Structures are given as structure tokens and as C-alpha cells.
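> give me a 3D structure for the following:
(2 chains)
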Amino acid sequence: MRDAFPQVLYEITKIVPKVFYVIADTPPAASMAPFRRDYPERFINVGVSEQSMISLCAGLAMRGCRPFAFAIAPFAAFRPFEHIRVELCYQNLPVVLVGMGAGVTYSILGGTHNAIEDIAVMSALPNMSIIAPCDPEELKSAVWACIRHFGPIYLRLGKAGERNLTADATGPFEFGKIRCIKPGSDVCILGYGPILSMAFDAARQYESANGGAVAIYSAHTLKPLDTAGIKTLLERYRQIVVLEEHSSVKTLGGQVKEIAWDIHSGAGIATCSLKDEFIHLYGSKDDLLRAHGITVEVLLSKLSTGR
Amino acid sequence: MSFGPFDVAASKKRCRQIRRRILEMSRNVAALHVGGAFSCTETLDTIYYGLMRRGADGEFQDSFILSKGHAAIALYAILEQLRILDTHDIETYCTPQGRLGAHPDRGLPGIEASTGSLGHGLGMASGMALHDKVFNQDRVTYVVMSDGELQEGSVWEMVLHAPALGLNSLVAFVDYNNLQSLAYTSDTHPNFYPITPKLEAFGWEAVEVDGHDQKAVFDAVTSRSGKAPFFVVCKTIKGKGVSYMENQPVWHFRSPNDEEFQQAMQELAEKD
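Numbering: from 1, shown residues only, chains lettered A, B, ... in the order given. Model (predicted):
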């Protein structure tokens, strides 16, 4: 994703005027090279200064520009938080804040580099929208959606090597709408971000063991959330598992349960998310997810429970 | 860049009017910042009447951000003089019937940025100046900060970077009244003074002037080299213009009672 993002931004900049690419000393340099080469005056590296990254973008947006602020997720979302709140959200400016390597992507770098509560924090801000695409293709659509939307957006990315998950999607990416990326009639996994690759692994095993078909939906737009679309899922499937590479606090799983309560849904709902704990474990991303109870086996068991 | 004549005598008269108007507004609401509004009155008047250029359509060509948003009441008085805000706006200040609060809100007439939280204006002004540089716009972006605001780390991120970005159309003022809400800034941060050498060390062109001397402020800005972002340290007196308010921290928050109001209005009466 970190390579797909500069590629699509470069394509957009050929068409859309006044796009700026503002980074806080954020790698990788190679994929940014075409943008830097062709738009050097609009590629700004503020250095290790995330507050001024936001402020520069705010001022640019006040002049009608379309800035993208790009940093590693915890330094995009947490370090300059009050600048995001006051400058971007209070003033409702069209700045896209790109958090790269969210969740536990930086698995050996420790809690300083994990972003497992970023969606909860960003969700709390009025005017803020949140998009978390699941693969590089969905990312490309998401960046275009950011350009069409007029207001602050937090765009949550993985890092590198994400599988393509949307080749069999039943419809195109649409801002604010959940998207079926694998049809199925029996049970459903709803989630966002690259961790949906685990949903495909679980679906394959479930289907070979139990028959039936597992549907997978990408809830790429976390805010505004597609309440109507989720109601439809609750009516259609007897069991829904919400899969998130995020802590359990104030995010998608809880919102699905709220919607279910509002419509008196009888569907079974299970959540599979990171714990509300800082992570002091070092290893692969799968090691960290396993330590927090996110594995294919856990997903399978949660798909099978319920009525 | 050319500037029209700046009539200092007229500015002094306007500043007395602005201060009287601030006191009139202060009678209606309990919480405001008279002291910090009075300390930057001459600076704001010089910016609006001396420095900011207008296009053929009468609209300001240059930009202004009041980063020390707590001095909004002074800005409102000027915008009323300029008929950008109307009297009803002023009379309904800080009431549900009005639209003006104690801090500026972007989108209202004459207000380019929402401020009130300190440490935001310089960065936003820098983004505006960056746009103007990249797209060759002939526009100066002015920003007024407080000296307490210079304790915010975000200010120094931008101080460090603005000269490297070549933001030579950026002109920042600091209202150096040496008082924050509770203390003298030179007591809490004694090693920060004098201010200008720190700014110069980071690549700014910087001068210190008497912030109540309009001509000095005007001359400083109009004679800058234009080869670096420019910083004017305006040495001021909090509560300037009313004897019992000057250098008294309590006037960061207080509103005058009837007796104090009458005395202040007498001190600010036309003397000519």
C-alpha cells in the first residue's frame, strides 16, 4: 500500500490541480520519486515535525489546495492530535491525513510504532471521515474518494505486501458503503484493512469443513458508517464476525452491536479484535495478532458459534 | 511592493476608538481578554490600515491570522470600523443572538482562521504563504502571536522550517507584553530573552520595536529585505491605555465594573 499510494497520488496530480504531498520524514523514498521529480515544489518533507505537517496542510487547504499529510500511523494520528482537531476538523478543511503501517504492522518496533486505537481517536472528532482500504486496489479507489470528498479524512493504510482481496468484489468501491468482496449465503465476516486476508483463509477452511459459503464484506469507510448496509447484513446472515486490527474500544464491533440492538436483530455477532492493551511482544505480525487472540482458528470458531 | 501613506495621528485616534469600543463590548460579557487586546491594538491597526493592501474590488489582497485568538475583541472592533462586521454583530458579541465569540471563527466576515488554542497560527500562515510562493501569488500573510504562545513547541517547528521553505511573504508579529495568564513570561522562561537572536539564528529576519509606536511597526515591516520570513517583536504593555490595567495580570480575564469603566473611558477620551 505504501507504494500504491504515491502511484495513485501521482496519477491524480496529473488531473487534479493543487495537490500537495507533505511527509514527516516518512519512507519509502523510491515510490515517491515520480511525484518528487515532476512536482518538486509540491512535495514537502517537514522532517520530524508532525504538528507543522498538519498546520502547513491546513494553510494550503485554506488557499484551495488538496494536501495529503503522510506519516507512519501513530505519528500521523496521535502526535499532532490537537492540530488535527482544531485546524482540520473544527475548520472542516479538505486535508487527507494518511496513516501508514497502522495496527500492528510494525510488529518488532514496539508500542510506540503500533496504532491500535487510531480509529477510536479519529472517530471521536466531528467532521472527520475515516477510510481503511483492505488492499492496494481498494486503496486506489479510496484516494480518489478522498479527492471527491470535501472535509478532513483519516486514510488508514497497511504497509507492504498486501494480497489483492477485491478481485471478486460484487461492486465498486463507494465511499460510505460496505462492499461485498466475497459473496456467500451462510455466515459473514465484516472487517476492514489488510487483515481481511485472514478472513479469506478462514472462509476457505470453513467452506471445506462445513459446506456453505462465507461472505466477506469490507467496511472500508469507518466514518460515516454504512448503518443501512450493516442492517441488511444483520437481516441476511445468522452469524456475523467482526474482524479488526484495532483495539476493542470504540470501533466497528461495538457499533455493529448497537445497530443490532436498535433493529432488534436476532443475528449472532462475534468480535475479533486486539485487546485494550499496549503490546510489549516482539515478533512477526502474526505473532502479535495471535497473542491478542486473532487467528484463523479463532475466526473459525466464532463463525461456527451462534444459532 | 508599495504602500500608501500611513497617517500616524489618525491611527492614534483610531486606537483610542478601538479601546473604547472594546470596553463597551466588555460591559456585556464576563470573560474576555481586555489586557491582551489593548497590548496589540497599535499592531493590529498598523496591519489593517497601513500594511494590508486592497485590490481594485476593495477586498484585502493580503491575509491576516490572529494567532493570539484571545485578542479577538480588538480584531472585531477594527472589522466594525471597516464595515466588515456590523454594529449588530458587536452588540450581540458572545450571546446566542450573535455570531461572534471570544475567539475568532473561520468563515465569519473578515476571519480567515479559527484560533484560540495557541501555537496554530504561524503554521497555518506558513501553509498559506507556501501556496502563494508555489503559485506566484503577490500576497503577504500576516500573523500576530502572543509571547506566551512562543512557549508552544509547534511554533518552533515552524520557526525552524519556514526560512528553509523560502516563505519570504510571511510576516509574524509577537505581542511581547511579558505577561501570560498567571505570570511574567520572563520569570517562567528567563532564558528566552532577548527574543530576536533566537529567531535570527533560525534564519529569520527579526527586529524588536516599541509595539505602541505605530510608525516603528510600520517602518520595520515596510523596510524588511524580503529575503527571509520576517519577525517583528513588538514590545508592549498589557492593558496599555488604561492606567489601572497596565501590567496587571488580572485584566487578562476581568471585565471592568461601572466605576472602572467610567474611569477608563475618561482616560481614553479624545484629547484633541
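
> point out where the chain drops to low pLDDT.
This is for chain A. A:306-307 (pLDDT under 70).

> the chain in question should be chain B.
Ranges of chain B meeting pLDDT under 70: B:1-2, B:31, B:272.

> after the helix ranked longest in it, which helix or strand is next?
As assigned by DSSP state H, the longest helix anywhere in chain B is helix B:8-26. As assigned by DSSP states H and E, the chain's next helix or strand after helix B:8-26 is helix B:34-39.

> close to chain A: what parts of chain B are there?
B:106, B:112-114, B:117, B:119-120, B:122-132, B:134-135, B:153-154, B:157-158, B:160-161, B:165 (CB under 8 Å from any CB of the partner chain). No exception for glycine: its C-beta is placed from N, CA and C like everyone else's.

> of the residues you listed, buried ones?
B:106, B:112-114, B:117, B:119-120, B:122-132, B:134, B:154, B:157-158, B:161, B:165 (16 or more other CB atoms under 10 Å in any protein chain shown).

> among those residues, which ones are in helices?
Per DSSP H, those map to helices at B:122-132, B:134, B:154, B:157-158, B:161.

> the stretch 1-150 of chain A: helices as residue ranges?
A:4-15, A:33-38, A:50-62, A:73-77, A:81-83, A:118-123, A:136-148 (DSSP state H, counting those that start in this stretch).

> is there any residue in the first one that contacts chain B?
Put plainly, it is helix A:4-15. No: for helix A:4-15, no contact with chain B is found by CB under 8 Å from any CB; the gap never falls below 12.9 Å.

> show residues contacting that helix.
A:19, A:21, A:31-32, A:34-35, A:38-39, A:42, A:68, A:70, A:98, A:100, A:136, A:139-140, A:143-144, A:147, A:157 (CB atoms under 8 Å, 6 or more residues apart in numbering or on different chains).

> run the last query once more with 7 Å
Applying CB atoms under 7 Å, 6 or more residues apart in numbering or on different chains, the external contacts of helix A:4-15 come out as A:19, A:21, A:31-32, A:34-35, A:39, A:68, A:98, A:136, A:139-140, A:143-144, A:147, A:157.

> can you narrow those residues to ones near chain B?
Among those, no residue is within reach of chain B (CB under 7 Å from any CB of the partner chain).

> for A:His113, state which of the ones in helices among the buried ones among the residues of chain B next to chain A is nearest.
Comparing these against A:His113 with CB to CB places B:Glu157 closest, at 20.8 Å.

> just give the number of residues close to residue 65.
Using chain A here. 23 (other CB atoms under 10 Å in any protein chain shown).

> the intended chain is chain B.
B:Ile65 has 28 nearby residues by other CB under 10 Å.

> in a strand, it, correct?
Yes: using DSSP: H, G, I helix; E, B strand; the rest coil, the secondary structure at B:Ile65 is a strand.

> that one and B:Met124 touch, don't they?
Yes: shown here, B:Ile65 and B:Met124 form a contact pair, counting by CB atoms under 7 Å, at 6.1 Å.

> overlap in contacts, these two.
B:Ala113.

> skip the chain neighbours and tell me the closest residue to A:Val19.
Among residues not flanking A:Val19 along the chain, A:Thr13 sits closest, at 4.3 Å (CB to CB, 6 or more residues apart in numbering or on different chains).

> shouldn't B:Gly69 be in contact with B:Ala102?
No: shown here, B:Gly69 and B:Ala102 do not form a contact pair, counting by CB under 7 Å, at 8.2 Å.

> among these two, which residue is more densely surrounded?
B:Gly69 (26 against 16).

> OK, contacts around that one?
Listed by CB under 7 Å, 6+ apart, the contact partners of B:Gly69 are B:His103, B:Pro104, B:Thr115, B:Gly116.

> can you rerun that using 8 Å?
So B:Gly69 contacts B:His103, B:Pro104, B:Ser114, B:Thr115, B:Gly116, B:Ser117, B:Leu118, B:Gly121 (CB under 8 Å, 6+ apart).

> which residues of the stretch 101-250 of chain A lie near chain B?
Counting by CB under 8 Å from any CB, the stretch 101-250 of chain A has no residue next to chain B.

> now the stretch 101-250 of chain A against chain B: closest residue?
A:Asn127 (12.1 Å; CB to the nearest CB).

> neighbours of that residue, how many?
15.

> residues touching the closest residue to B:Val140 other than its chain neighbours, list them.
Excluding the flanking residues, the one nearest B:Val140 by CB to CB, 6+ apart is B:Asp62, at 4.5 Å. Contacts here follow CB under 8 Å, 6+ apart; on that basis B:Asp62 touches B:Leu51, B:Met52, B:Arg53, B:Arg139, B:Val140, B:Thr141, B:Tyr142.

> and B:Asp62, how far from B:Gly69?
19 Å (CB to CB, to the nearest Å).

> swap in A:Leu139?
38 Å.

> for A:Leu60, same thing?
In terms of CB to CB, A:Leu60 sits 21 Å off from B:Gly69.

> how about A:Thr271?
With CB to CB as the criterion, A:Thr271 and B:Gly69 are 42 Å apart.

> before we move on, back to that, output the longest helix of chain B as PDB, restricted to C-alpha atoms.
The C-alpha coordinates for helix B:8-26 follow below in PDB (Å, rounded to 0.1, in the frame of the first residue of the first chain):
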ATOM      1  CA  VAL B   8       0.100  58.000  12.500                       C
ATOM      2  CA  ALA B   9      -2.100  60.700  14.000                       C
ATOM      3  CA  ALA B  10      -5.200  59.100  12.500                       C
ATOM      4  CA  SER B  11      -4.000  55.700  13.800                       C
ATOM      5  CA  LYS B  12      -3.700  57.100  17.300                       C
ATOM      6  CA  LYS B  13      -7.200  58.400  17.200                       C
ATOM      7  CA  ARG B  14      -8.500  55.100  15.800                       C
ATOM      8  CA  CYS B  15      -6.700  53.200  18.600                       C
ATOM      9  CA  ARG B  16      -8.400  55.200  21.200                       C
ATOM     10  CA  GLN B  17     -11.700  54.400  19.500                       C
ATOM     11  CA  ILE B  18     -10.900  50.700  19.300                       C
ATOM     12  CA  ARG B  19     -10.000  50.600  23.000                       C
ATOM     13  CA  ARG B  20     -13.300  52.400  23.900                       C
ATOM     14  CA  ARG B  21     -15.200  50.000  21.800                       C
ATOM     15  CA  ILE B  22     -13.500  47.100  23.500                       C
ATOM     16  CA  LEU B  23     -14.600  48.500  26.800                       C
ATOM     17  CA  GLU B  24     -18.200  48.900  25.600                       C
ATOM     18  CA  MET B  25     -18.200  45.300  24.500                       C
ATOM     19  CA  SER B  26     -16.700  44.200  27.800                       C
END
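
> can you list contacts of it?
B:32, B:34, B:37-38, B:41-42, B:44-46, B:49-50, B:73-74, B:76-78, B:80-81, B:90, B:93, B:214-215, B:241-242, B:255-256, B:261, B:264-265, B:268-270, B:272.

> again, only using 7 Å
B:32, B:34, B:37-38, B:41-42, B:45-46, B:49, B:73-74, B:77-78, B:80-81, B:90, B:93, B:214-215, B:241, B:255-256, B:261, B:264-265, B:268, B:270.

> stretch A:58-75: end-to-end distance?
17 Å (CA to CA, to the nearest Å).

> next, the buried residues of that stretch.
A:58-63, A:65-75.

> what does stretch B:13-29 give?
Under 16+ other CB under 10 Å, the buried positions of stretch B:13-29 are B:Arg14, B:Cys15, B:Arg16, B:Gln17, B:Ile18, B:Arg19, B:Arg20, B:Arg21, B:Ile22, B:Leu23, B:Met25, B:Ser26.

> same thing with stretch A:112-124?
Under 16+ other CB under 10 Å, the buried positions of stretch A:112-124 are A:His113, A:Asn114, A:Ala115, A:Ile116, A:Glu117, A:Asp118, A:Ile119, A:Ala120, A:Val121, A:Met122, A:Ser123.

> quick one: which two of these are the most distant?
A:His113 and A:Ser123 (21.3 Å).
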